[in-house]
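Chemist: The sequence isn't on hand, but the structure is:
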């Protein structure tokens, strides 16, 4: 031990003698000693290492209040690795500032915290200045929606493509994740487009706006990634699928697959509902499961996009929207609103969205 460390040895020894029953004055004195040891002149790496060992050994016996106060100092101290790693597994009041701010925590320690500790601990980890792709993957695997949302809001966090895919899958069923995912920079465009089918109206608009701002080169790369994925087709075909498909084939061969035909099929009622869905999918040139989700969920915003992007005229869309609107009172008097909805969808944006949905399922 250096001469300086030998001089400080008695002070280190005092750390273990701190009386938890002592009042605030004693706590202030302890914190002063710690601050002095960290900021004192001529503090060598050896001195800090010795202090780190002594404080780590002693701090476990300190009260929660004292550990909480110490954690604020330790979080900003690059030389107190052992204390920081011990505090990272402590109660969240102590661990929080360490997990958010300490630069000495190893990746292995952070992964162990994510694996073993509470959601509040995970939340603190998402707020670090640097979060690696590996750490992000672990946070998404074990974290709740609040944790994942916080990770998305940390633009400095590195998130890999596979992790983005898992988040997007969760976001389909979790409204809490949709906004932070849509509003994060550099989310793969094809994932945003896929989320369009589940997002609320305001987020649909934001998704279209983001897609409009993506360069042609980036968009083409996104299309290629889409083509490499297996799309989800019908989980189970309805009983009349084959007969409906045959009918649509006949209509297409006859050149009768038009906007007016869509209206006519829908007006036939339940007996032609599968044929209507397949006809719309054929006209829009998208996978049938896209239309299935739109029609069954009464998603009129996406119906407008499908119609606008595939050339189905406004009058036909308005008739379809009135028939599919789950609110009969609105539908009866909503023609003008539906026409405005149709016109509000930019044709280029709609066609861009449809390109993603034209991807064929991989055999």
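Modeler: Yes, it's here. This is a predicted model, so every value here is computed, not measured. Residues are numbered from 1 along each chain as shown.

Chemist: how about stretch 201-213: buried residues?
Modeler: 203-208, 210-211 (16 or more other C-beta atoms under 10 Å). Heads up, the C-betas are built off the backbone N, CA and C, glycines and all.

Chemist: Turn these into JSON lines, columns for pLDDT and distance to residue 148.
Modeler: Shown next, in JSON lines, are the buried residues of stretch 201-213 (pLDDT from 0 to 100; distance: C-beta to C-beta, whole Å):
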{"residue": "203", "pLDDT": "92", "distance to residue 148": "16"}
{"residue": "204", "pLDDT": "90", "distance to residue 148": "21"}
{"residue": "205", "pLDDT": "88", "distance to residue 148": "23"}
{"residue": "206", "pLDDT": "91", "distance to residue 148": "19"}
{"residue": "207", "pLDDT": "90", "distance to residue 148": "19"}
{"residue": "208", "pLDDT": "87", "distance to residue 148": "24"}
{"residue": "210", "pLDDT": "86", "distance to residue 148": "19"}
{"residue": "211", "pLDDT": "83", "distance to residue 148": "23"}
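
Chemist: out of the residues you listed, which are inside strands?
Modeler: Judged by DSSP state E, the buried residues of stretch 201-213 include no members of strands.

Chemist: Dump those into CSV; add distance to residue 336 as well.
Modeler: Output for these, formatted as CSV (distance: C-beta to C-beta, whole Å):
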residue, distance to residue 336
203, 24
204, 20
205, 20
206, 25
207, 25
208, 22
210, 29
211, 28
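
Chemist: for the stretch 251-363 of the chain, what are the low-confidence residue spans?
Modeler: The stretch 251-363 of the chain contains residues with pLDDT under 70 at 328-333, 359-363.

Chemist: no, scratch that, I was asking about the stretch 101-250 of the chain
Modeler: 227-236.

Chemist: returning to what we had before: I'd like the list of the buried residues of stretch 201-213 that fall within helices, please.
Modeler: Among the buried residues of stretch 201-213, DSSP state H puts 203-208, 210-211 in helices.

Chemist: Helices along the stretch 101-250 of the chain, start to end?
Modeler: Along the stretch 101-250 of the chain, counting by DSSP state H, counting those that start in this stretch, helices occupy 107-116, 119-125, 133-142, 145-153, 161-173, 175-183, 189-195, 201-212, 216-227, 241-253.

Chemist: Figure out which of those is closest to residue 338.
Modeler: Smallest distance to residue 338 across those (C-beta to C-beta): 13.5 Å, for helix 201-212.

Chemist: Check which helices and strands the closest one is in contact with.
Modeler: Helix 201-212 sits against helix 175-183, helix 189-195, helix 300-310, helix 347-357, with contacts defined as 3 or more C-beta pairs under 8 Å, 6 or more residues apart in numbering; DSSP states H and E.

Chemist: Buried residues in stretch 211-221, which are they?
Modeler: 211, 219.

Chemist: I misspoke; the intended subject was stretch 341-350.
Modeler: Buried positions in stretch 341-350, judged by neighbour count with 16+ other C-beta under 10 Å: 341-342, 345, 349-350.

Chemist: need those in CSV with distance to residue 80, can you?
Modeler: As requested, the buried residues of stretch 341-350 are exported to CSV (distance: C-beta to C-beta, whole Å):
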residue, distance to residue 80
341, 60
342, 63
345, 57
349, 53
350, 57
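
Chemist: List just the nearest of those to residue 142.
Modeler: Closest approach to residue 142 among these (C-beta to C-beta): residue 349, at 36.6 Å.

Chemist: I figured the closest one hits residue 211, correct?
Modeler: Yes: counting by C-beta atoms under 8 Å, residue 349 touches residue 211, with 6.4 Å between them.

Chemist: Make sure residue 299 is actually in contact with residue 292.
Modeler: No: using C-beta under 8 Å as the test, residue 299 is too far from residue 292 to be in contact (10.9 Å).

Chemist: any idea how far stretch 135-142 is from the chain center?
Modeler: A distance of 11 Å separates the centroid of the chain from that of stretch 135-142, by C-alpha atoms, centre = their mean, to the nearest Å.

Chemist: now what about that stretch, what contacts it?
Modeler: 107, 110-111, 114-115, 122, 125-126, 131, 147-148, 151, 157-160, 162-163, 166-167 (C-beta atoms under 8 Å, 6 or more residues apart in numbering).

Chemist: Just the buried residues of that stretch, please?
Modeler: Burial within stretch 135-142, assessed by neighbour count using 16+ other C-beta under 10 Å, is assigned to 135-140.

Chemist: Over to stretch 245-255?
Modeler: Applying 16+ other C-beta under 10 Å to stretch 245-255 flags 245, 247-248, 251 as buried.

Chemist: mind checking the SS state of residue 298?
Modeler: Following DSSP: H, G, I helix; E, B strand; the rest coil, the label given to residue 298 is coil.

Chemist: Assign the closest residue to it other than its chain neighbours to helix, strand or coil.
Modeler: Closest residue to residue 298 apart from its sequence neighbours, by C-beta to C-beta, 6 or more residues apart in numbering: residue 326 at 4.7 Å. Judged by three-state DSSP, the three-state class of residue 326 is coil.

Chemist: Tell me if I'm right that residue 326 and residue 300 touch.
Modeler: No: Residue 326 lies out of contact with residue 300 (C-beta under 8 Å); the separation is 9.3 Å.

Chemist: okay, the two: which has more neighbours?
Modeler: residue 300 (23 against 9; other C-beta atoms under 10 Å).

Chemist: Grab the nearest non-local neighbour of that one.
Modeler: Residue 300's closest residue in space is residue 321 (C-beta to C-beta, 6+ apart), at 5.1 Å.
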